[in-house]
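Q: The amino acid sequence is not available; the structure is as follows:
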């Protein structure tokens, strides 16, 4: 148990270019994990090991590593900041105990910052806040704090204050210790501690008092000392801060400049001091798949084995690796385990500690560990693997639906099967990818989260799988839905012969619209005298399959409730296949009568343009049916927040560069689906 208490499973999360990987590289260097600091801009970052990551200067895959600080084991996952790879953040957060959210001292709370904060709140993860890039021109510590308060609705617990000499970031006031730390060189281990400078002493006292008041609210010892006018020592404060952080009562805030080696050692101390161990997070809840009852596992070596698969990666040399978080018990090489999600046996061939793209074999893993496993052939992202005699099923991950698609085909027909096989492997790793074959044209269709997402996959095919592919023009992944209640009937009746039995399926359905985002609901309103119980599941399956191909564009149907209201059966000829086909026919019949419409993805967009180009940019944005939510001024740039249909934004990067002499940029992320205007719908259908 003591060993597990000294484990920290943390994620580094932030908007793109806030400094996640740069910060992680410092954590690795100062803990002795690496002998040289890797730099993102130079393509030498250890955590950005993939060629595309080095070339693009961004993180694409969440990279895991382990380092040690003051006898604590810190498992770190460095996540991507680009919205196209949000699945990497989601599945990392699912298995982590704590996180460091990084904000750029200049950029503040940016769109993806809000997304990752929302994701981590969903899993109730304790977080530290780190305001990075305090050395950059335009960095404003208190403006970022104000944005955190306004946009994230969080009042952070300020534990650091930046110290400047003119515009030069010199050091940090540590409010808990009551000292100022100066960095005279590029080596962060060389520091000079001084008393608080007079010019910020009043500010320090103010924030120290706020800290004491906030911690007094949750800790009786500090409250008593505060009321009695006694001195509150550092250890008492740290205990109370930790207590509040673990309960997500507040989020300690730090600052620094990772690229200049200022503040990251203090961040390491904060990880150990304030973020939870697996024991602090307590029992993880699940259900017993055999009886549906709630059950749980406590993070202890004495408990029966349970773990959660959160990522699959096909490593070129070692084969299929399944990244797992061990929640309870001990996992050893050669163990036979059971996948309760898929009801199948698996065998643990090898266990690896992961350091980016390197794997170090180990004999066992204990509760709290994050490891990669070789030998799991039937396990996928979101699966629960546990002891055969002690069933448990943890909550599965939910992934967003793709919003764009492209045709992707080899340059030579002989490689068609190879391309499809490689795409299946990539889709196994990334659950936000979908692949299908167009029955009419025979083309392979690749669906993803954005243009960059598709680009990266195509590049992986070329580099990793040595396949030359042509990628079609991006298309919007439309959806269909209905607008009124309607009834549909389906009959599948074939008379039997002497050799073959007949088929009889007869179904009457009622369809009605659901609120946006509800997807699908099914209700059975018929008794067994009309349709026996064993045919209800095939009917539901038939409806679900029919929903994959709508009546207007042949795209998936969403947000529909289906009621089974009538039908009949034949005592001899009725079978599952007949009811499945009849249900599919009835659903299509009802949808045609229910005034179907097309839905399109609406994207949240943040435009950043120099002030002098705002007029031309907004004029173009309006032509694209964009809606402006607000316009802010920031460091000589205008920041435009708004919404725009995805169909009008393909290729926008080139247009924006042209309008702003290469100085404008934008970030988009899927927000919701909305009904396409009637005039546009006619154009889309007639294509």
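A: In hand now; what should we look at? Given the structure is predicted, the values throughout are model-derived calculations rather than measurements. Numbers count the residues shown, from 1 in each chain.
Q: Residue 434 - nearest residue in space that isn't next to it in sequence?
A: Using C-beta to C-beta, 6 or more residues apart in numbering and skipping residues adjacent in sequence, the residue nearest residue 434 is residue 447, 4.1 Å away. All C-beta atoms are positioned from the backbone trio N, CA, C, and that covers glycine.
Q: Is it correct that the one you found is in contact with residue 433?
A: Yes - contact status for residue 447 versus residue 433: in contact at 6.8 Å, counting by C-beta atoms under 8 Å.
Q: which neighbours do those two share?
A: Common contacts of residue 447 and residue 433 (C-beta atoms under 8 Å, 6 or more residues apart in numbering): residue 402.
Q: ok so, going back, confirm the residue nearest to residue 434 sits in a helix?
A: No - using DSSP: H, G, I helix; E, B strand; the rest coil, the assignment for residue 447 is strand, not a helix.
Q: partners of it in the sheet?
A: Beta-bridge partners for residue 447, by DSSP bridges, are residue 405, residue 434.
Q: What residues does it make contact with?
A: 402, 404-405, 433-436, 477.
Q: CSV please, covering those residues and showing pLDDT.
A: As requested, the contacts of residue 447 are arranged in CSV below (pLDDT from 0 to 100):
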residue, pLDDT
402, 85
404, 86
405, 85
433, 89
434, 89
435, 90
436, 84
477, 87
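Q: ok, these vs residue 582, which is closest?
A: Relative to residue 582, the closest of the contacts of residue 447 is residue 436; by C-beta to C-beta it sits at 24.7 Å.
Q: State the distance from the closest one to residue 554.
A: 11 Å (C-beta to C-beta, to the nearest Å).
Q: what's the answer for residue 534, then?
A: According to C-beta to C-beta, residue 534 and residue 554 sit 31 Å apart.
Q: okay, now the closest residue to residue 305 other than its chain neighbours: neighbour count?
A: Of all residues beyond its chain neighbours, the one nearest residue 305 is residue 329 (3.4 Å), with distances taken as C-beta to C-beta, 6+ apart. For residue 329, the neighbour count with other C-beta atoms under 10 Å is 23.
Q: so who does residue 329 touch?
A: So residue 329 contacts 297, 300-306, 366-367, 387 (C-beta under 8 Å, 6+ apart).
Q: Show the model's pLDDT score for the most centrally placed residue in the chain.
A: Among the residues of the chain, the one closest to the centroid is residue 90, at 2.4 Å (C-alpha atoms, centre = their mean). According to the prediction, residue 90 has pLDDT 83.
Q: pretty sure it is in a helix, no?
A: Yes - Residue 90 forms part of a helix when assessed by three-state DSSP.
Q: which non-adjacent residue is nearest it?
A: residue 119 (5.8 Å).
Q: Burial check on that neighbour, number of neighbours?
A: 20.
Q: And the contacts of stretch 634-650?
A: The contact list for stretch 634-650 (C-beta under 8 Å, 6+ apart) reads 106, 108, 138, 403-404, 451, 473-474, 476, 600-611, 614, 617-618, 621, 624-633, 668, 670-671, 674, 680.
Q: what do you get for stretch 184-200?
A: Stretch 184-200 is contacted from outside by 26, 30, 161, 163, 173, 178-183, 204, 260-265, using C-beta under 8 Å, 6+ apart.
Q: tell me the mean pLDDT for it?
A: Averaging pLDDT along stretch 184-200 yields 88.
Q: How about stretch 116-127?
A: For stretch 116-127, mean pLDDT rounds to 88.
Q: same for the lengthiest strand in the chain, what does it pack against?
A: With secondary structure taken from DSSP state E, the chain has its longest strand at strand 597-610. Judged by 3 or more C-beta pairs under 8 Å, 6 or more residues apart in numbering; DSSP states H and E, strand 597-610 is in contact with strand 479-481, helix 614-623, strand 637-645, helix 652-659, strand 665-675, helix 678-686.
Q: those strands in the stretch 351-500 of the chain, which residues are they?
A: Along the stretch 351-500 of the chain, the segments classed as strands by DSSP state E, counting those that start in this stretch run 358-362, 364-366, 370-374, 384-386, 404-410, 434-437, 444-448, 469-471, 475-476, 479-481, 486-494.
Q: what are the pairing partners of the first one, and which direction each?
A: The one in question is strand 358-362. Strands that pair with strand 358-362, judged by DSSP bridges, come out as strand 350-355 (antiparallel).
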